[in-house]
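Engineer: Just need the structure, nothing else, for what follows:
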Amino acid sequence: MKDTPRTDRRKLRIKDVLCRRQRDLTLVMNNIHDPHNVSAILRSCDAFAVPDVHLLYVGQPFPEVGRKSSASARKWVRRIRHRDAGEMVQRLEGQGLCLIRTGFGPQSISLPEWDFTRPTAVILGNEHSGVQEDLEQMVAQEIYIPMQGMVQSLNVSVAAAVILYEAFRQRHQAGLLEERALPGDRQDELYHEWIQK
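Structural biologist: Down below sits the predicted model:
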């Protein structure tokens, strides 16, 4: 039987989840158009303790995300919208985050080589055209997921899950999950918000 919003078990579950939400790990979705991909990415963010995602949509609307299956994760991950790449980069860097983007350029490094114990924002580009050009020029650092097959790319939602798992693995190994948690007042704010859902 599903927990009702205010059972003691539900309250403990929410508190337990919130105490591991990472204050300095986030994703940027840049013009990702498939709502199924967006939903799956939100689900991975929830699974791997990412509290917020940033949405940079220029020239196209944010896709309509349904209310079923993985779309339910949207209740637990805050979405912050941006329309200007430069302002977004300035804001994220102002929060002390290192920005990286996915890609296969000559300077790109393998995913496990990136130190995810650092404050990090990962930029995921459009399914067909990748990261938009002006944003690509602002963010020099690039990572790729090493693969052993004939196909050398993954669906963007799968790539997001792999990247976030690696970030989780590194932070868990370093004992940082609780240490990097959201501040207590932010946890309290989210607790009161979540308990109503």
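
Engineer: can you give me the helices in this protein?
Structural biologist: Assigned by DSSP state H, the chain shows helices spanning 8-18, 35-47, 85-94, 133-138, 156-173, 184-194.

Engineer: and these, which is most packed in?
Structural biologist: Highest mean neighbour count of the helices of the chain: helix 35-47, a mean of 21 (counted as mean count of other Cβ atoms under 10 Å). Backbone N, C-alpha and C define where each C-beta goes, glycine included.

Engineer: Would you mind pulling up the elements that that one packs against?
Structural biologist: Helices and strands touching helix 35-47, by 3 or more Cβ pairs under 8 Å, 6 or more residues apart in numbering; DSSP states H and E, are strand 25-30, strand 52-56, helix 156-173.

Engineer: And these: which comes nearest residue 180?
Structural biologist: Set against residue 180 and scored by Cβ to Cβ, the helices and strands packed on helix 35-47 come closest in helix 156-173, at 6.6 Å.

Engineer: Neighbours of residue 48, how many?
Structural biologist: Look at residue 48: counted by other Cβ atoms under 10 Å, it has 22 neighbours.

Engineer: Once you drop chain neighbours, what's closest to it?
Structural biologist: Closest residue in space to residue 48, ignoring its immediate chain neighbours: residue 164 at 4.0 Å, by Cβ to Cβ, 6 or more residues apart in numbering.

Engineer: wait, what's in contact with the one you found?
Structural biologist: Counting by Cβ atoms under 8 Å, 6 or more residues apart in numbering, residue 164 makes contact with 27, 44-45, 47-48, 50.

Engineer: And the residue nearest to the spatial centre of the chain, how far from residue 175?
Structural biologist: Centroid-nearest residue in the chain: residue 27, 3.3 Å away (criterion: Cα atoms, centre = their mean). Distance of residue 27 to residue 175, given as Cβ to Cβ, to the nearest Å: 23 Å.

Engineer: what's the answer for residue 192, then?
Structural biologist: 29 Å.

Engineer: where does residue 133 land on pLDDT?
Structural biologist: Looking at residue 133, its pLDDT stands at 94.

Engineer: I am finished for the moment; much appreciated.
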